[in-house]
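> return atomic coordinates for the entry below.
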Amino acid sequence: MNNKTRDIICSIIFLLTGLFLFQQSLGIKSIMEKDLGSGFMPKVIAVSLTTIALLKLVLSIVKKDSENKSSKEDSDSMGGLLTIGALLFYVLTFEIIGFILSTALYLFFQITILSNQENRKLGLFLIISIGFSIAIYGLFVYLIDRPLPIGILGF
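Coordinates of the predicted model:
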């Protein structure tokens, strides 16, 4: 499979993922009248993902076919597929295991996917993932007064 075909397939997958996320975000009910509500940011992310995927699809179709395969492009493709897998894991586990644990796991894996061997510091990634998840949870629950899923573990 050449790079152009791979880019087109990946763009279509991200386009469909963005459309699916947008469709799912429409079901999020707003608690207060005249409020942006809980569904606002998922809609922004879904529209952004869909727009970028659509642009990449158009650029992939327009660009000339190249048969040159480099290890950088192969690793980028693998990173894209792993990112889709991590996002799918996050969506499927968000309600079940709760915000803190699912977000920390997602962030840890996503940071690891995006890092290269030279700068891979798993301990630091774990601290950042857990700290960020707890901070965002505290921001939503205690400052904004918006509940987030606590999951089966109770936190």
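
> now for the longest helix seen in the chain, which elements pack on it?
Assignment by DSSP state H gives helix 71-97 as the longest helix of the chain. Other helices and strands packing on helix 71-97, by 3 or more CB pairs under 8 Å, 6 or more residues apart in numbering; DSSP states H and E, are helix 3-25, helix 99-114. To be clear about C-beta, it is placed using only N, CA and C from the backbone, and glycine gets the same treatment.

> quick one, the first one and helix 71-97 angle?
Spelled out, that is helix 3-25. When axes from the mean of the first three to the mean of the last three CA atoms, to 10 degrees is applied, the directions of helix 3-25 and helix 71-97 differ by 20 degrees.

> check which residues of helix 3-25 are buried.
Applying a neighbour-count criterion of 16 or more other CB atoms under 10 Å, one finds 3-4, 6-7, 10-11, 14-15, 17-18, 21-22, 25 buried in helix 3-25.

> the helix or strand bottoming out on mean pLDDT in the chain to helix 99-114, inter-axis angle?
Of all helical and strand segments in the chain, the minimum by mean pLDDT, DSSP states H and E falls on helix 71-97, at a mean of 80. Compare the direction of helix 71-97 with that of helix 99-114 by the same axes, to 10 degrees and you get 170 degrees.
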